[in-house]
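# fold the following, please.
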Amino acid sequence: MEFLLGNPFSTPVGQCLEKATDGSLQSEDWTLNMEICDIINETEEGPKDAIRALKKRLNGNRNYREVMLALTVLETCVKNCGHRFHVLVANRDFIDSVLVKIISPKNSPPTIVQDKVLALIQITRLRSELDIVRGNTKVMSEMLTEMVPGQEDSSDLELLQELNRTCRAMQQRIVELISRVSNEEVTEELLHVNDDLNNVFLRYERFERYRSGRSVQNASNGVLNEVTEDNLIDLGPGSPAVVSPMVGNTAPPSSLSSQLAGLDLGTESVSGTLSSLQQCNPSDGFDMFAQTRGNSLAEQRKTVTYEDPQAVGGLASALDNRKQNSEVKGDDLEEGVTSEEFDKFLEERAKAAEMVPNLPSPPVEAPALASNPSGRKKPERSEDALFAL
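Here you go, the predicted structure:
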């Protein structure tokens, strides 16, 4: 493999790594270490060349001084390089074929080397997993920036929800590691990643609230539009919204003509006949007033009849007097008389009336008669017509 690919230390990053891991060094050369990190980050083939150089320095090396310096360079690159280098370091081939062999029992490495390798394996895997978490967080943050609540695509929304579930599961793992990891640098990095996750979760929750609010608002607007369309008033003739006023089954208030038509002529006195008139209830009067509210003034003038209760009383008393006087000659009147006989009857009654004291007339209030002269003329004409019989 070395023959095909060449010497790993011949590349720029390989040369720096060979110098940084020289056993003659009294301590770590941090300038070279950081230069190696810069080459890995800035060049395309830097990560691959660095891994090849590290494999050559670590595999089968019994000089544990060089091994410790190489592990220090590897740790520095893991902490300062990006995802491209982490993927290669976290690869099972590199871990099993390089790191695990160093601490195998047959090699009997010093304890300090074993601890260094185990910590490096842990950090390497953790860095690789954290890179995945950072990648998911970055994608989720970019999607939340681009997507508009209520106007998102269904596929994008599904991907965003899947990222949210994945990142929440990763956060639980990170919280568990924070309480277990003793390395301060790793703990600090875990806390930073956890803060980034919390920030993106807050943005996601805000996005979901806005999206739910838009959905509820759109649904309520749709229902409101349907209700508004149903409640539009149709003023057509067949519309149920146009309700015609219903008149009750109450009997219409009887007029004077209908009351007179119901007189009981079989009674003995006129007072009894008049008492057979229907009594007007207050409710009937109110119904009549309610009906007259819908009529015009001209119609009310045609239907309203002005009556004087005193005139009706005078008519009743006159009819009673006529009834009493007619009882004396009741039999002759029943047979029918001629005009001459009736004149003689009137003369006899006039002579008899002179002998009989005048009957007291019913009391009549003067203000009422004065206020309604036309009503007074009506009973006088009625009495004249009755006596003319």
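
# make it CA atoms for all contacts and neighbour counts henceforth
Noted.

# from residue 347, how far out is residue 353?
Plainly put, residue 353 is 10 Å away from residue 347 if you go by CA to CA, to the nearest Å.

# SS state for residue 108?
Using DSSP: H, G, I helix; E, B strand; the rest coil, the structure places residue 108 in coil.

# how many residues are close by it?
11 (other CA atoms under 10 Å).

# next: residue 78.
For residue 78, using other CA under 10 Å, the count is 21.

# likewise residue 103?
19.

# how about it, phi and psi?
Main-chain torsions, residue 103, degrees, to the nearest 10: phi -100, psi 20.

# looking at it, it is touching residue 114, isn't it?
Yes: the pair residue 103 / residue 114 is scored as a contact, 5.6 Å apart, by CA atoms under 8 Å.

# now the element after the helix or strand that residue 50 is a member of, going C-ward?
Taking DSSP states H and E as the criterion, residue 50 maps to helix 46-58. Downstream of helix 46-58, the next assigned helix or strand under DSSP H and E is helix 64-80.

# residues in contact with whichever helix or strand comes after that next one?
Following helix 64-80 in sequence order, the next helix or strand is helix 83-89 (DSSP H and E). Contact with helix 83-89 is made by 40, 47, 48, 51, 77, 78, 94, 95, 124, 127, 128, 131, as judged by CA atoms under 8 Å, 6 or more residues apart in numbering.

# so residue 151: helix, strand or coil?
Strictly by three-state DSSP, residue 151 counts as coil.

# and residue 112, by the same measure?
Per three-state DSSP, residue 112 ends up helix.

# return the list of helices and strands in contact with the helix or strand encompassing residue 126.
In this structure, residue 126 sits in helix 111-146 according to DSSP H and E. Helices and strands touching helix 111-146, as assessed by 3 or more CA pairs under 8 Å, 6 or more residues apart in numbering; DSSP states H and E, comprise helix 64-80, helix 83-89, helix 154-180, helix 184-230.

# residue 197 against residue 137, yeah?
Yes: between residue 197 and residue 137 there is a contact at 6.6 Å, judged by CA under 8 Å.

# identify the contacts common to these two.
Common neighbours of residue 197 and residue 137 (CA under 8 Å, 6+ apart) are residue 167.

# could you report the neighbour count for residue 71?
Residue 71: 21 neighbours (other CA under 10 Å).

# apart from its chain neighbours, what residue comes closest to residue 63?
residue 23 (7.7 Å; CA to CA, 6 or more residues apart in numbering).

# how about the one you found, secondary structure?
coil.

# just read off the phi/psi values of it.
Here residue 23 shows phi and psi, under degrees, to the nearest 10, equal to phi -70, psi -20.

# list the contacts for it?
Contacts of residue 23 by CA under 8 Å, 6+ apart are 63, 65, 66, 69.

# so how far is residue 110 from the second one?
Same thing as residue 65. Residue 65 is 11 Å from residue 110, by CA to CA.

# and the third one, by the same measure?
With distances taken as CA to CA, residue 66 is found 13 Å from residue 110.

# same check, this time on the last one
If you measure residue 69 against residue 110 using CA to CA, the figure is 14 Å.

# more neighbours: which of those two?
Taking other CA under 10 Å, residue 69 and residue 110 do not tie; residue 69 has more neighbours (23 against 11).

# pretty sure that one sits against residue 19.
No: counting by CA under 8 Å, residue 69 does not reach residue 19; the two are 10.2 Å apart.

# how long is stretch 102-119 end to end?
Stretch 102-119: ends 13 Å apart by CA to CA.

# for stretch 146-154, same thing?
14 Å.

# what residues does it touch?
Here stretch 146-154 has contacts from 207, 208, 210, 211, 212, 214, 215, using CA under 8 Å, 6+ apart.

# redo those residues as a markdown table? Include distance to residue 14.
Output for the contacts of stretch 146-154, formatted as a markdown table (distance: CA to CA, whole Å):
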| residue | distance to residue 14 |
| --- | --- |
| 207 | 49 |
| 208 | 51 |
| 210 | 54 |
| 211 | 54 |
| 212 | 56 |
| 214 | 58 |
| 215 | 59 |
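
# re earlier: so for residue 12, which of the helices and strands packed on helix 111-146 sits nearest?
With CA to CA, the closest approach to residue 12 among these belongs to helix 64-80: 15.1 Å.

# could I get that closest one in PDB with only the CA atoms?
Output in PDB follows, covering the C-alpha atoms of helix 64-80 (Å, rounded to 0.1, in the frame of the first residue of the first chain):
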ATOM      1  CA  TYR A  64       5.800   5.200  23.500                       C
ATOM      2  CA  ARG A  65       7.200   8.700  23.500                       C
ATOM      3  CA  GLU A  66       6.500   9.000  19.800                       C
ATOM      4  CA  VAL A  67       3.100   7.300  20.400                       C
ATOM      5  CA  MET A  68       2.200   9.800  23.100                       C
ATOM      6  CA  LEU A  69       3.200  12.700  20.800                       C
ATOM      7  CA  ALA A  70       1.200  11.200  17.900                       C
ATOM      8  CA  LEU A  71      -1.900  10.700  20.200                       C
ATOM      9  CA  THR A  72      -1.600  14.400  21.300                       C
ATOM     10  CA  VAL A  73      -1.500  15.500  17.600                       C
ATOM     11  CA  LEU A  74      -4.500  13.300  16.900                       C
ATOM     12  CA  GLU A  75      -6.400  14.700  19.900                       C
ATOM     13  CA  THR A  76      -5.600  18.300  18.800                       C
ATOM     14  CA  CYS A  77      -6.900  17.600  15.300                       C
ATOM     15  CA  VAL A  78     -10.100  16.000  16.600                       C
ATOM     16  CA  LYS A  79     -10.800  19.100  18.700                       C
ATOM     17  CA  ASN A  80      -9.900  21.600  16.000                       C
END
